[in-house]
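J.: Prediction below, plus the sequence it came from.
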Amino acid sequence: MADRAVALSGKTGLFAAALVAGLILAALVAVFTAADVGAGLGPADWAAVRFTATQAVWSAVLSVLLAVPVARALARRRFWGRGALITLLGAPFILPVIVAVLGLLTVFGRSGVLNQFGAALGLPPVSIYGLHGVVLAHVFFNLPLATRLLLQGWQGIPSERFRLAGQLQMTPRALFLALEWPMLRQVLPGVAALIFVICLTSFAVALTLGGGPRATTIELAIYQAFRFDFDLGRAALLSVVQLVLAGAAAVAALWLIPPISMGGGLDRPLRRWDALGGGQRVLDGGVITVAALFLLLPLGAVVLRGLVGLGQLPPSVWQATLNSILVAGLSVMVLAALALPMAGWIATRRRGGVEAIGLMGLAASPLMIGTGWFILINPVLDPARLSLPVTALVNALMALPFVLRILVPRLRETLQDYGPLTQTLGMNGWALWRLLVLPRLRPQLGFAAGLTGALSVGDLGVIALFADQDRATLPLQMYRLMGAYRMEAAAGAALLLLILALAVFFICDKWGRWHADA
Amino acid sequence: MKYLTLAAGVLGASAAWAETPELTVYTYDSFVTEWGPGPAIEEGFEAECGCDLKFVGMGDGAALLARLKLEGARSDADIVLGLDTSLVAAAKETELFAPSGLQADYDLPITWEDEVFVPYDWGYFAFVHGADLSAPAPTDFKALAESDLKIVIQDPRSSTPGLGLLMWVKAAYGDEAPDVWAGLADNVVTVTKGWSEAYGLFLEGEADMVLSYTTSPAYHLIAEEDDSKTAALFDEGHYMQIEVAGKLAGSDQPDLADRFLQYLVSDAAQSVLPTTNWMYPAVTPEGGLPEGFEGMIQPGKALLVPNGDVPALREEALDEWLTALSR
């Protein structure tokens, strides 16, 4: 193994990767075997494929491009409330779609703030519905994620480099080219691929804001095939198309990235000497303000609406909250068992292509995985008994690509920088993990655990297929309230969900950033 | 695998030895929540049957049928409650259901002749709007199409009300349906995945009207004391949704299942439905409808595509809908 710089065993990683691929493929095979021979895909399906890909490309590119100045500004500035702002940045991403969409509409909707402001100035109303609305919503969801991932990249640049750059009195431009751009070149394609895949599988957003059946995505077609037509063959075929699209994006993006190490440092708290000038300050301040407004105004609407409904929450919501916490805890544990060995394995490869396996978990329709496993479990056991573990597992699978994206660059760097030293010392196996990897990766681990926990708290995907009323999670209970006209109570549940998800995220993230001034 | 099967077998057997028989009813989510009809019906039936009634809620009507198809003959369910008239043909095709043999004095706008399924409540689809409508409320689809009113509807590929609207236009206009949809295209603000999203958008002020039920205003009136919501009365008639329950052929409690279906159309169960499910009871209970329901609009004509014709018509109508709205 010439490309190995360190004695990190690849076997467990390979096993974890095989397990992930196996879980998804088993579901796919189960659906195919239960299906009659299908007729293949029609022109409407291909139109859906085209729309799905178009909106996903736009969403990914815009999210990532806009995230660069935001992350850069946040990396360069220290201000009161920065930590809180960064935590809040995670919020849009974990909200159930309808809650976030309703929040967005209070700003961009027909009777939203923007249009009322425009009407006061005598401007014609702007409609949010259409491709631009879909992309706007996806940027709202994913800009914060991209910002956080890029911020991790910035934090990965050793503080000594910035000290040196400060001594050399490098201009912001020169510093960008010398330090920041190489880091971005490494991180951007992976982040873009990740967001592309997220947007590939979104369908409630695309449908609601797309303004009509033009905005049909593959996931809607899968949903229709499962629920109304019960055409398992078509559903499985569409799932394959979705997996192939996501896989192609992942491989294309990840294959291009050269492994770059930023060089080991002493990891002093990051302090910046560049960008002290007034123009730079104004620029960063402006960028942060605009981004914060864009993200926090809709969230504020969710909070305001929720406060009214908090008093109306029925008791079942609290049981559902407990279930959600349980699922989140389980997901984090399952994920840790899968992601750490996989990240270790991937980080010892020269190329990042194998990370695509992680993306499969996200690209596979949760409905497909759920149905597949239902078919597998049903002859043996009552699926409802397994609803919470299966939900935790599927959530962990869906969070896997995010977590790999968070862990791998840092792990690769750590192994490249310290690998020779550890080999000289004869460190391997558990000792290597305990003494080198885990302490070095603590901020990333905290962030990853927080993200996974928060995502699971907010997830609706698979639970709906398995659950009965005793095992409902908070998002499911929220939808049930909406379905019974109880919109205010549902808004209260949404606020509870938001608080819970943020709390999970904050606690994990805080643990990770212990002793780190970042 | 063998041991698991064995374990499951033992578990199943021990349940069968238990003294009180258990009746399992698969239904949609909102039926079993504490604000739905489930708890009252469970209490009422258990008081007289000496059995344990177990509701299992799963998604909506369409998800219910999909779940049943997945489980096949092996299903634990004795009763499935919550399919609607547009799903009846597909449900019968599974051959999983047994005739109910039930005769009841239904107060439905149509004569109910199906031997397999028992209707328990029903409603009319309608466009619901607020009191502050900018134009006079339209009185038919053509007037709606000509107006500047904005509407939110549900996608027929993912929601039963959405499918109901397709059938409504088809039943009212037949071959003219594509023209009606072409006219409506510029009124449709957006199409949502399900009823909840659409109703949420409407309450948020994103549209003037939303596809819902004639009885929706009753919820606002009775539960929220808000009389500002009304349903628009359409001259061409309103499409009906009838919700039904059926007994599974593979049930291990066929007698108990029959008794439950009987209970479902009794006064005790029927009087619970209006203010929990916000639909009309299939058999008007002795005490009549709750106060507030009398103010709901009364369609002059009830439209319903015969159950057996739905699948074929759905294909055709879906194509027309997609063509008209994709332009």
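T.: Nice, I can see it. Residues are numbered from 1 along each chain as shown, chains lettered A, B, ... in the order given.

J.: Which positions in the helix or strand where A:Gly309 lies come out as buried?
T.: In the assignment (DSSP states H and E), A:Gly309 maps to helix A:278-309. Residues A:280, A:283-284, A:287-288, A:291, A:294-299, A:301-303, A:305-306, A:309 are the ones in helix A:278-309 that count as buried (16 or more other Cβ atoms under 10 Å in any protein chain shown). All C-beta spots, glycine's among them, are computed from the backbone N, C-alpha and C.

J.: For A:Phe162, grab the count of nearby residues.
T.: 23 (other Cβ atoms under 10 Å in any protein chain shown).

J.: Touching, it and A:Ala178? I think so.
T.: No. If you go by Cβ atoms under 8 Å, A:Phe162 and A:Ala178 don't touch, sitting 10.7 Å apart.

J.: Any idea how far stretch B:123-131 is from the middle of the chain?
T.: Going by Cα atoms, centre = their mean, to the nearest Å, the spacing between the C-alpha centre of stretch B:123-131 and its chain's C-alpha centre is 15 Å.

J.: now chain B, which segments are flagged as low pLDDT?
T.: Within chain B, the ranges that satisfy pLDDT under 70 run B:1-18, B:327.

J.: Would you agree B:Leu184 is in contact with B:Asp140?
T.: No. Look at B:Leu184 against B:Asp140 with Cβ under 8 Å: they stay out of range, at 11.6 Å.

J.: center of chain A - which residue?
T.: In chain A, the C-alpha nearest the mean C-alpha coordinate belongs to A:Phe402, at 5.3 Å (Cα atoms, centre = their mean).

J.: Need the pLDDT of that residue.
T.: With respect to pLDDT, A:Phe402 scores 81.

J.: do you know how far it is from A:Leu359?
T.: Distance of A:Phe402 to A:Leu359, computed by Cβ to Cβ, to the nearest Å: 10 Å.

J.: B:Lys247 too?
T.: From B:Lys247 to A:Leu359 the distance is 46 Å (Cβ to Cβ).

J.: residues contacting the residue nearest to the centre of chain A?
T.: A:Phe402 makes contact with A:145, A:194, A:448, A:451-452, A:455, according to Cβ atoms under 8 Å, 6 or more residues apart in numbering or on different chains.

J.: tell me the phi and psi of whichever residue of the stretch 201-327 of chain B sits closest to chain A?
T.: In the stretch 201-327 of chain B, the residue that lies nearest chain A is B:Gly205 (3.9 Å; Cβ to the nearest Cβ). Main-chain dihedrals, B:Gly205, degrees, to the nearest 10: phi 90, psi 20.

J.: ok, how many other residues are close to A:Asp417?
T.: By other Cβ under 10 Å, 18 other residues sit near A:Asp417.

J.: swap in B:Pro136?
T.: B:Pro136 has 10 neighbours, counted by other Cβ under 10 Å.

J.: Now do the shared contacts for A:Phe402 and A:Leu359.
T.: With Cβ under 8 Å, 6+ apart as the test, A:Phe402 and A:Leu359 both reach A:Leu194.

J.: where along chain B do the strands fall?
T.: Remark: strands assigned in chain B by DSSP state E are B:22-27, B:52-57, B:79-84, B:97-98, B:117-129, B:151-154, B:188-192, B:209-213, B:230-231, B:238-248, B:280-281, B:302-303.

J.: now those strands as a markdown table including mean neighbour count and distance to chain A?
T.: Converted to a markdown table, those look like this (neighbours: other Cβ atoms under 10 Å in any protein chain shown; distance: least, Cβ to the nearest Cβ, whole Å):
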| stretch | mean neighbour count | distance to chain A |
| --- | --- | --- |
| strand B:22-27 | 23 | 9 |
| strand B:52-57 | 19 | 4 |
| strand B:79-84 | 27 | 12 |
| strand B:97-98 | 20 | 16 |
| strand B:117-129 | 25 | 11 |
| strand B:151-154 | 25 | 9 |
| strand B:188-192 | 26 | 5 |
| strand B:209-213 | 25 | 9 |
| strand B:230-231 | 22 | 14 |
| strand B:238-248 | 26 | 14 |
| strand B:280-281 | 24 | 16 |
| strand B:302-303 | 18 | 21 |
